[in-house]
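Asks: structure of the sequence below:
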Amino acid sequence: MACKITQNLMGKIALVVILVLAIPLICAACPDWNTNLDGLISCLGRNGIRNYTTNRSASYSQLLDFSLQNLRFTEAGVPKPSALIFPQTKADVQNAVICSLKNKWELRVRSGGHSYEGLSSTADAPFVIIDLMNMHSVVIDMQSKTAWVEAGATVGEIYYGISQHTSEYGFPAGTCPTLGAGGHFSGAGYGMLSRKYGVAADNIIDAQLVNAEGNLLDKQLMGDDLFWALQGGGGGSWGIVVAWKIKLVAVPVVITTFNLERVGKQVVAELVYKWQTAAPSAPGELFMAVYIAGTNQSGTPDTRATFYGQYLGNLNETLQLINSIFPELGLVETDCKEGSWIEAVAQIAYAKSVIALTDRYHEGKNYFKAKSDYVKNSISAQALEGAFSYLEENMDGYVIFEPYGGVMSQIPSDAIAFPHRAGNLYIIQYQAVWQQETGDDSYYINWLRRFYSYMRPYVSQNPRAAFVNYLDLDLGSAVNGTSTVAEARSWGSKYFLQNFDQLVKVKSRVDPYNVFRNPQSIPPI
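Replies: Numbers count the residues shown, from 1 in each chain. Here you go, the predicted model:
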């Protein structure tokens with residue numbers, strides 16, 4: 001439902017030079033690999049880059065895992081990078097790209113490390129990670145109501161930075177404060193203000209990108225087509241976004257958050273059935289989501305649901321609106337809390353304080369596999385009960401239903417690369433979660449796949465759409481990002497609908513040699 005955060009266990013990781021120890025690489029048959037790593041280190045040094053570590057260093061695992069949010073990709077047997085580079089400036093990023101490619105390394109780029117399938121931290125070939133965590137400045141210009149945010153900034157840092165200048169403006173992005181702006185905005189970025197103002201990518205007005213040649217491009221230099229692709233076209237295909245210019249959005253001085261739980265499969269099914277009409281058709285000022293999971297409170301498996309969200313208005317207005325459009329929910333004053341926009345952000349995120357939003361370390365790390373769906377027609381209460389049976393089977397799984405509608409239905413589907421607009425009632429996020437390495441994740445993943453299969457008749461069709469911020473390699477993938485356009489369509493048409501073909505055209509122009517790639521990247525023709 002939301003990310004829990006804690007005090008940064010490593011401070012702000014103001015990295016210093018990490019000396020490369022003379023410990024041999026663990027590699028049975030890769031004589032050129034050592035040469036390439038030495039060449040990379042030499043090139044970085046010649047270009048003044050001192051913040052890096054290699055798999056020869058004692059601090060390597062700590063630094064690798066710090067931003068890796070899905071613990072599935074810390075398990076034994078998962079490919080690991082030979083080096084992590086921590087640029088501090090745009091010039092560092094340019095030189096890191098040039099040095100890495102010159103020495104024939106595959107590139108992965110990480111800002112917050114929240115890739116659901118670990119695509120910012122793993123690869124199928126020898127690779128290095130360019131980690132942007134040290135590039136996290138947030139510069140607010142209240143005169144123009146804009147901000148320049150570096151791609152390594154988390155949304156929590158962005159929200160907090162805005163709040164230090166104004167209580168009357170905010171930004172529409174996700175609820176988890178440790179999400180990195182680089183990947184989150186590239187995939188669209190949906191959140192509590194999106195029914196009022198669209199996704200984060202709808203509110204980007206400029207960007208700075210390092211391309212495959214190591215050149216730094218802004219919107220004017222990159223061209224309208226590439227800028228369009230950056231807005232929701234997914235990360236890892238276009239280059240390295242090092243900064244975004246975002247448009248701030250107006251928020252009232254008082255916002256009301258709410259949170260209430262209901263228990264009982266039949267009760268929850270009837271409420272969610274009615275929620276499907278109330279939440280998507282409500283005014284854009286209201287965002288009301290529902291988190292659904294199994295429970296064993298009564299000693300037998302059952303279903304529980306938490307209805308939560310916010311209204312851009314005071315307590316009385318919130319109660320009046322919700323109880324008029326969704327009286328069955330029974331919202332009362334004690335379910336609600338008034339506060340400023342930044343206080344609402346912290347409340348929804350379960351942050352201990354507003355300043356805690358700036359902590360980069362994600363306390364609630366676990367092992368998980370996720371999927372997504374879009375729903376265009378209400379699901380019957382009976383079908384919902386069938387879905388909830390899967391949650392009662394596995395108490396560690398859950399789903400989140402988040403409403404669309406509002407301004408999301410008014411923005412054309414090709415305005416930016418993110419296409420999911422009119423006609424969608426809500427999005428479903430499915431998660432299978434486990435807390436420790438099992439050695440065999442198949443129980444949880446197979447459970448999720450069975451649940452997803454059950455939902456097929458009730459969700460979008462032809463294609464069965466998915467959200468690229470919730471990456472799912474079950475939709476299809478290619479080793480080392482070497483798919484043909486026809487192969488990539490198996491996932492690209494689900495993430496991007498009719499915009500997939502235009503994304504292929506953009507890729508073919510800006511990165512024809514497919515330098516920036518991953519198992520689900522956009523291929524060139």
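Asks: next up, phi/psi of Val93, please.
Replies: Backbone torsions of Val93, given as degrees, to the nearest 10, read phi -60, psi -40.
Asks: give me the low-pLDDT residue ranges for the protein?
Replies: 1-35, 439 (pLDDT under 70).
Asks: switch the cut-off to 50
Replies: Low-confidence segments of the chain, defined by pLDDT under 50: 1-2, 4-35.
Asks: what about the residue nearest to Gly39 when sequence neighbours are not counted, neighbour count?
Replies: Distances taken as Cβ to Cβ, 6 or more residues apart in numbering put Asn103 closest to Gly39, at 4.3 Å, once the chain neighbours are dropped. In this view, the C-beta of every residue, glycine as well, is placed from N, C-alpha and C. By other Cβ atoms under 10 Å, 20 other residues sit near Asn103.
Asks: what sits against Asn103?
Replies: Contacts for Asn103 (Cβ atoms under 8 Å, 6 or more residues apart in numbering) come out as Asn36, Leu37, Gly39, Leu40, Cys43.
Asks: isn't Gly239 right up against Lys507?
Replies: No - at 10.7 Å, Gly239 does not count as touching Lys507 under the criterion of Cβ atoms under 8 Å.
Asks: neighbour count winner among those two?
Replies: Neighbour count, other Cβ under 10 Å: between Gly239 and Lys507, Gly239 has more, with 29 against 25.
Asks: circling back: so which of the contacts of Asn103 belong to helices?
Replies: If you go by DSSP state H, the contacts of Asn103 have Asn36, Leu37, Gly39, Leu40, Cys43 in helices.
Asks: and the gap between Val253 and Gly161?
Replies: Val253 sits 19 Å away from Gly161, going by Cβ to Cβ, to the nearest Å.
Asks: comparing those two, which residue is more hemmed in?
Replies: Gly161 (20 against 10).
Asks: re earlier: nearest to Glu393 among the ones in helices among the contacts of Asn103?
Replies: Nearest to Glu393 among these is Leu37, at 47.0 Å by Cβ to Cβ.
Asks: next up, the contacts around that closest one.
Replies: The contact partners of Leu37, by Cβ under 8 Å, 6+ apart, come to Leu25, Thr54, Ser82, Ala83, Asn103.
Asks: reformat the ones in helices among the contacts of Asn103 into TSV and put distance to Gln94 next to each item.
Replies: Formatted as TSV, the ones in helices among the contacts of Asn103 follow (distance: Cβ to Cβ, whole Å):
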residue	distance to Gln94
Asn36	20
Leu37	20
Gly39	18
Leu40	15
Cys43	12
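Asks: just the buried residues of these.
Replies: Asn36, Leu37, Gly39, Leu40, Cys43 (16 or more other Cβ atoms under 10 Å).
Asks: hang on, isn't the last one packed against Val97?
Replies: It refers to Cys43. No - with contact defined as Cβ under 8 Å, Cys43 does not count as touching Val97 (10.9 Å).
Asks: the helices in the stretch 351-500 of the chain, which residues?
Replies: Assigned helices in the stretch 351-500 of the chain, in chain order: 381-393, 442-454, 485-496, 500-510 (criterion: DSSP state H, counting those that start in this stretch).
Asks: before we move on, back to that, closest one of the ones in helices among the contacts of Asn103 to Gly423?
Replies: Lowest distance from Gly423 to the ones in helices among the contacts of Asn103 (Cβ to Cβ) belongs to Leu40, with 48.1 Å.
Asks: test my guess that the closest one contacts Cys99.
Replies: Yes - when contacts are counted by Cβ under 8 Å, Leu40 is listed as touching Cys99 (5.6 Å).
Asks: grab the nearest non-local neighbour of Val268.
Replies: Closest residue in space to Val268, ignoring its immediate chain neighbours: Ala305 at 4.4 Å, by Cβ to Cβ, 6+ apart.
Asks: roughly how far is the helix or strand hosting that neighbour from the heart of the chain?
Replies: Using DSSP states H and E, the element containing Ala305 is strand 302-311. Relative to the mean C-alpha coordinate of its chain, strand 302-311 is positioned 21 Å out (Cα atoms, centre = their mean, to the nearest Å).
Asks: angle of that strand against helix 381-393?
Replies: Angle, strand 302-311 to helix 381-393, by axes from the mean of the first three to the mean of the last three Cα atoms, to 10 degrees: 110 degrees.
Asks: just checking, what packs against strand 302-311?
Replies: When contacts are defined as 3 or more Cβ pairs under 8 Å, 6 or more residues apart in numbering; DSSP states H and E, strand 302-311 packs onto strand 255-263, helix 265-281, strand 286-295, helix 315-325, helix 341-348, helix 381-393.
Asks: ok so, going back, wait, which of the contacts of Asn103 is closest to Val128?
Replies: Set against Val128, the nearest of the contacts of Asn103 by Cβ to Cβ is Leu40 (6.9 Å).
Asks: for that closest one, give its distance to Asn480.
Replies: For Leu40 relative to Asn480 (Cβ to Cβ), the value is 19 Å.
Asks: partner residues bridging the residue nearest to Val268?
Replies: Applying DSSP bridges to Ala305 gives these bridge partners: Arg262, Ile292.
Asks: show me what contacts it?
Replies: Taking Cβ under 8 Å, 6+ apart, we find Ala305 in contact with Glu261, Arg262, Val263, Val268, Leu271, Val272, Val290, Tyr291, Ile292.
Asks: quick check: the gap between it and Val254.
Replies: The value you get for Ala305 to Val254, if Cβ to Cβ is used, is 27 Å.
Asks: kindly report the same for Glu270.
Replies: Computed with Cβ to Cβ, the distance linking Glu270 and Val254 is 32 Å.
Asks: of these two, who's got more company?
Replies: Using other Cβ under 10 Å, the more surrounded residue of Glu270 and Val254 is Val254, with 19 against 16.
Asks: quick check, the more buried one in contact with Lys337.
Replies: No - the pair Val254 / Lys337 is not scored as a contact, 10.8 Å apart, by Cβ under 8 Å.
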